[in-house]
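*Asks:* here's my sequence, what's the structure:
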Amino acid sequence: MKPARWLLPMLRLPLWLLVPAMLLPYYWMAIGAFKPVAELLRQPPTPWPQATTTRNFFNPDWAGTTADPDRLAGILQVSVEGHGFLRFYANSLLVTAVVTVVSLLAASLVAFVLTKKPFPGSRWLFRALLLSMMLPWEVTIVPNFVTVAQLGWINSFAALMVPGLAKAFVVFYFRQALAAVPDELISAATLDGAGTLRIWWSVVLPVLRPSLAAIAIPVAVGEWNNFLWPLLVVNDASALTLPLQLGKMAGDLSYNPQAAAVLMAGSLLASLPAILLFLLFQKQFVAGLTAGATK
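*Replies:* Modelled structure (predicted):
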């Protein structure tokens, strides 16, 4: 029995009620980035900027050492040991891009071999991958840190990237997607003389394009927002990532509340790559999520 037409909008009503609750913090951050310090700290708060300013991003009146709230350094002028905000931004972009691309390519190759090129013990290997998903990531922090320290990777980009390349869930995700690919497609490529790597690159990856786009967004956002692991392995300012710098600034608010406006400006800039990534790959993301739902 089909539900009445008026019932479906009523079922969606709780979701629509959650939308303002989710957007309100982002809205407050976005308008706070363009408010003067005095207005941001005003009680009661103003629902929108009364005197819009861009000084939280770049303050031409910054004197270098002044504590005047109107002359605080903009987020683009913040520096740690000679390295500025754009350096931290570039570090996060580099780590996110490398980990996302390499981990997805590696996971797709592993999933292809386990699904279409099975070998003795491949089933047990896949079961071991599934078991690894049941372990909380925090359990691996100590052995991973010891390994990175023994390799001499502390304060290096290798420490930020290499431990994040192995992603069991992504292998599982691609394996499920490849299970729907006809074996005849792989057999035809084999008869044409293509090797395993050529089949993976020329046949499997194009078929997995929607799945790649769908899983790339959460993987990239997770790496972009990663805070705990970089906090453990990076102390040098040259390798600081954006979440580390923003976290440091948030910790300084206890004795410098005027910096809240600058922190909101930095948080707004930090949110832009994730939004842009979703807007660029929105169609592929939806296609990847609905793949296999219809025939």
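*Asks:* strands of this protein, residue ranges please.
*Replies:* Listed in chain order, the strands of the chain (DSSP state E) span 79-80, 83-84.
*Asks:* just send the ones you listed back as CSV, with distance to Ala194 too.
*Replies:* For glycine as for every other residue, the C-beta is placed from the backbone atoms N, C-alpha and C. Conversion of the strands of the chain to CSV gives the following (distance: least, Cβ to Cβ, whole Å):
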stretch, distance to Ala194
strand 79-80, 51
strand 83-84, 47
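*Asks:* least reliable of those strands going by mean pLDDT?
*Replies:* Lowest mean pLDDT of the strands of the chain: strand 79-80, a mean of 81.
*Asks:* partner strands of that strand and their direction?
*Replies:* strand 83-84 (antiparallel) (DSSP bridges).
*Asks:* returning to that earlier point: same list, the strands of the chain, but as CSV with distance to Ala259 and mean neighbour count please.
*Replies:* As requested, these are exported to CSV (distance: least, Cβ to Cβ, whole Å; neighbours: other Cβ atoms under 10 Å):
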stretch, distance to Ala259, mean neighbour count
strand 79-80, 14, 14
strand 83-84, 16, 18
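*Asks:* quick check: the gap between Pro163 and Leu232.
*Replies:* Noted for Pro163: a distance of 10 Å to Leu232, by Cβ to Cβ, to the nearest Å.
*Asks:* now swap in His83 and tell me
*Replies:* Distance from His83 to Leu232, by Cβ to Cβ: 20 Å.
*Asks:* shaky segments in the stretch 151-295 of the chain?
*Replies:* Applying pLDDT under 70 to the stretch 151-295 of the chain flags the ranges 254-255, 285, 287-295.
*Asks:* quick one: the helices in it, in order.
*Replies:* 157-161, 168-178, 183-191, 196-199, 205-207, 209-224, 228-233, 242-251, 260-280, 282-290 (DSSP state H, counting those that start in this stretch).
*Asks:* dump these into TSV; add distance to Lys116 as well.
*Replies:* Compiled in TSV, the helices of the stretch 151-295 of the chain are given as follows (distance: least, Cβ to Cβ, whole Å):
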stretch	distance to Lys116
helix 157-161	28
helix 168-178	6
helix 183-191	5
helix 196-199	8
helix 205-207	11
helix 209-224	15
helix 228-233	33
helix 242-251	38
helix 260-280	30
helix 282-290	20
